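Peer 1: Sharing a sequence plus its predicted fold:
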Amino acid sequence: MDVFTVPGAFSWSELMTSDPAKAAEFYGGLFGWTIEPMDMPVGRYYVAKVGDVAVGGLMACPEGGPAVPPAWGSYVTVADVDETVRRCVALGGQVLMPAMDVPTVGRMACLQDPQGAAINVITYVPRG
């Protein structure tokens with residue numbers, strides 16, 4: 001199964017934290033991950049790899065956003081982010097971050113279920 005193309009598959013894990021460089025050092029040592037830093041429009045992003053396979057990322061909590069503690073989040077692959085956002089709202093959920101395009105990665109949004117749990121959804125750019 002290719003988790004980047006199968007709707008409903010958990011496909012990415014991401015840590016938002018106050019100090020992503022220190023977190024990268026910690027998790028790299030803890031799990032043996034190779035950490036590759038890359039510069040993004042929102043700041044430095046750290047890609048965590050097991051062997052040659054990227055399995056997650058680490059980034060700084062957005063400045064000026066709500067004060068939330070550092071936490072891991074999950075991404076679920078969907079066929080159409082915008083349709084998934086509409087369905088979420090129709091089912092009583094909320095949109096925490098509207099759908100947005102991430103260059104070279106895909107389109108994503110952050111949703112919240114009626115009980116308050118958040119989850120990220122993403123449609124990836126086709127991989128070549």
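Peer 2: Yes, it's here. Numbers count the residues shown, from 1 in each chain.

Peer 1: And the strands in this structure?
Peer 2: Using DSSP state E, the strands of the chain run over residues 10-17, 34-40, 43-50, 53-60, 71-77, 94-102, 106-112, 118-124.

Peer 1: Could you list the low-confidence segments of this structure?
Peer 2: Flagging of the chain using pLDDT under 70 yields the residue ranges 64-68.

Peer 1: again, only using 50
Peer 2: Segments of the chain classed as low confidence (criterion: pLDDT under 50) are not present in this model.

Peer 1: Can you list the helices and strands that the longest helix anywhere in the chain packs against?
Peer 2: Of all the segments of type helix in the chain, defined by DSSP state H, the longest one is helix 20-31. Helix 20-31 is packed against strand 10-17, strand 34-40, strand 43-50, strand 53-60, with contacts defined by 3 or more CB pairs under 8 Å, 6 or more residues apart in numbering; DSSP states H and E. (C-beta placed from N, C-alpha, C; glycine too.)

Peer 1: Looking at the ones you listed, which is nearest to residue 102?
Peer 2: For those, proximity to residue 102 was assessed by CB to CB; strand 34-40 is nearest, at 8.5 Å.
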